[in-house]
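> below are the sequence and a predicted model; questions follow.
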Amino acid sequence: MELRLENLRSPQNTKVRIKIMKGHFATEHTHVNTYIDISTVTNRCHQAREAAMLLAENYQMSTKIDTIICLDGTRLIGAFMAETLAGSGISNVNGGENISVITPEIINRRQMVFRDNTKRMVEGKNILILAGSITTGESVLQATSAAIYYKGAVTGICAIFSNISKVAGMTVHSIFTSKELPDYKSYSIIDCPLCKQGRKLDALVNSYGYSLL
């Protein structure tokens with residue numbers, strides 16, 4: 001089978017795009033029938049800025065944010081979000097603030113921690129969690145738990161793509177959803193119908209990219 005990446009542009013802003021590839025893929029927690037490549041918006045400054053402005057719209061007028069916790073290599077987007085949220089303007093509730101942008105250290109496979117030099121940016125702060133792609137919400141739940149452990153208050157969750165609308169009872173604001181990807185499916189590893197059909201995995205995928213098998 002030939003695997004090919006295809007562009008998918010946001011209907012809100014066509015400058016923001018991801019790439020998708022159909023097949024049979026294994027993530028850390030699930031199997032999926034579509035690989036979502038977010039590297040364009042996470043690594044290119046113009047696209048990252050456009051994506052950041054779309055996501056920031058959900059919080060500018062309503063949500064106090066002191067720190068953005070970035071998952072899945074989204075720190076460039078997080079920096080542009082902080083700049084947008086802290087910009088001058090009567091509608092910006094965080095206008096003029098010095099918003100921190102940090103990434104948790106992951107130890108023991110999935111435990112997220114903050115060292116002494118960054119945990120001060122979590123303790124007593126209003127936290128926005130920014131993810132690249134949310135399939136089951138498990139990584140975001142771990143980030144939420146870490147923020148709470150370090151005495152932060154999670155006030156928002158957002159992502160480039162999310163297959164679910166809520167995590168930990170909070171609404172997930174995302175640029176791309178299952179509405180743009182109606183054929184996207186996520187399966188538990190033990191109940192994957194593609195595996196039961198005898199279809200081999202095409203690639204292993206995570207936030208860094210994909211490796212063909």
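All right, it came through fine.
> phi first, then psi, for the residue nearest the centre of the chain.
The centroid of the chain falls nearest to Ala131 when counting by CA atoms, centre = their mean (1.7 Å). The phi/psi pair for Ala131 (degrees, to the nearest 10) reads phi -120, psi 160.
> for it, give me its contacts.
Going by CB atoms under 8 Å, 6 or more residues apart in numbering, Ala131 touches Leu71, Asp72, Thr74, Ser139, Val140, Ala143, Ile157, Cys158, Ala159, Ile160, Ser162. Backbone N, C-alpha and C define where each C-beta goes, glycine included.
> try 6 Å
Leu71, Asp72, Val140, Ala159 (CB atoms under 6 Å, 6 or more residues apart in numbering).
> could I get those residues as JSON lines with secondary structure and neighbour count?
Output for the contacts of Ala131, formatted as JSON lines (DSSP: H, G, I helix; E, B strand; the rest coil; neighbours: other CB atoms under 10 Å):
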{"residue": "Leu71", "secondary structure": "coil", "neighbour count": "23"}
{"residue": "Asp72", "secondary structure": "coil", "neighbour count": "21"}
{"residue": "Val140", "secondary structure": "helix", "neighbour count": "26"}
{"residue": "Ala159", "secondary structure": "strand", "neighbour count": "27"}
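> and which of those residues is nearest Val122?
Ranked by distance to Val122 (CB to CB), the contacts of Ala131 are led by Leu71 at 14.1 Å.
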